[in-house]
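Asks: What follows is a predicted protein model with its sequence.
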Amino acid sequence: MSATAVAPRLRGLRARRLSLLAVLLAALLLAAALSITVGAKPVPLADAWHALTAPTGTDNDIVIRSLRVPRTALGVLAGIALGVAGALMQGHTRNPLADPGLLGVTQGAAFAMVTSIVVFGASNLLGYIWLGLAGALAASVAVFALGSVRGGPGGRAAGGGGPTPVTLALAGTAVSALLYALTSAVVLLDEQAMDVFRFWQSGSIAARGGAVVWQVLPFVLAGLALAAANAPGLNALSLGEDVARGLGQNIAMTRAVGVAAVTLLSGAAVAACGSLSFVGLVVPHLARPLSGTDHRWLLPYSGLIGAALLLLADVIGRVVAPPGELEVGVVLALIGAPFFVLLVRRRKPVRL
């Protein structure tokens, strides 16, 4: 096919992808509007707009600005972070069932948080979110280091290409199992740690406050920047490591940047919101039929879908059990598990 024939097709594909991106952005804005207006105290959209633009101190203004807006902002950040992290993780491991927890992020954050309660006496989220993030980072570094050690002459890593998808998955499973056992041992010895861990494990974006949003924002932005830089290299890796090397890719550096992005994104989300199941697992499968396998498009699609899904799940949790609420992590599990089974049964497994 001649270059003159290919160029219009490429322009058409780009226009289609940009249009879909705009549709997903509109869907996210709609989900955010629902998150701000729907709840135990419904707020009309006009009153919500007034509270955002010209507050006068009414009850609706207080509800919107103090509770709903921080909750929605955290949901958007966590959804984008987990969606992008899931797409990166599946791309790097070439495993359609991989999610960010494969790096030990979730269990690393959990162990650090319960330890901070028992050892340092941390009593609120602002006190232990930093240690939770540090635990997530430490667990990911340990998984990456263990996955990079492969048997070679003299015990040195063979191949010089860093961790492979298989060694990364095996190391992540082993580290996660160890940290889960240690966390269980700690919470059995301390009632306060047990209560915090139980609430954190269910996953929630409620009652976090604006301060938490500002704490995790720098990590999410840094993770997104690394993810954007990692997308071209990940496209090359999808062709196979030998082809990627032939194209001039540094395999070890590409994997290291990808792991760093996953760690920052999922570590920040998990430390702030707890375990949010199925976002990082299901969202890339929803985005891939729309974006194709090009990670330059798959990553933003996954982020927008992840944020919209998380906000909608949170809204559902507010209305299904009045006057109480179901935590968003519970709703995600109830929706995500059967949906993922249906997705697997209706479609051929994706080759990554």
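Replies: Noted; the coordinates are in hand. Numbering: from 1, shown residues only.
Asks: Please count neighbours and contacts with C-alpha atoms only from this point.
Replies: Will do.
Asks: Just read off the phi/psi values of Pro42.
Replies: Torsion angles at Pro42 (phi, psi; degrees, to the nearest 10) stand at phi -60, psi 140.
Asks: ok, it - how many residues close by?
Replies: 13 (other CA atoms under 10 Å).
Asks: Test for you: state the pLDDT assigned to it.
Replies: Pro42 carries a pLDDT score of 88 in this model.
Asks: And it, how far from Val319?
Replies: For Pro42, the distance to Val319 equals 10 Å [CA to CA, to the nearest Å].
Asks: ditto for Val175
Replies: The spacing between Val175 and Val319, counted by CA to CA, is 38 Å.
Asks: These two: who's more crowded?
Replies: Higher neighbour count among Val175 and Val319: Val175, with 22 against 15, using other CA under 10 Å.
Asks: That one is in contact with Ala139, isn't it?
Replies: Yes - taking contacts as CA atoms under 8 Å, Val175 lies within contact range of Ala139: 7.3 Å.
Asks: Give the residues shared as contacts by those two.
Replies: By the contact definition CA atoms under 8 Å, 6 or more residues apart in numbering, Val175 and Ala139 are jointly contacted by Gly104.
Asks: looking at it, Leu24 is touching Tyr301, isn't it?
Replies: Yes - with contact defined as CA under 8 Å, Leu24 counts as touching Tyr301 (7.4 Å).
Asks: Tell me which of the two has more neighbours.
Replies: Just comparing Leu24 and Tyr301: by other CA under 10 Å the higher neighbour count belongs to Tyr301, 28 against 19.
Asks: and the helix or strand containing the more buried one, how far from the chain's centre?
Replies: Counting by DSSP states H and E, the element that carries Tyr301 is helix 295-319. Counting by CA atoms, centre = their mean, to the nearest Å, helix 295-319 is centred 10 Å from the centre of its parent chain.
Asks: Ala260 touches Gly223, doesn't it?
Replies: Yes - contact criterion CA under 8 Å: Ala260 and Gly223 qualify, at 7.3 Å.
Asks: Looking at those two, which one has more neighbours?
Replies: In this view Ala260 and Gly223 are compared by other CA under 10 Å, and Gly223 has more residues nearby, 27 against 19.
Asks: residues in contact with that one?
Replies: For Gly223, the contact set (CA under 8 Å, 6+ apart) comprises 81, 260-265.
Asks: neighbours of the closest residue to Phe111 other than its chain neighbours, just the number please.
Replies: Once flanking residues are discounted, Phe111 sits nearest to Thr183: 5.0 Å by CA to CA, 6 or more residues apart in numbering. As a burial measure, Thr183 scores 23 neighbours (other CA under 10 Å).
Asks: So Thr183 versus Ala268, what's the distance?
Replies: Using CA to CA, Thr183 is found at 19 Å from Ala268.
Asks: quick one, phi psi at Asp294?
Replies: Reported as degrees, to the nearest 10, the phi and psi values for Asp294 are phi -70, psi 110.
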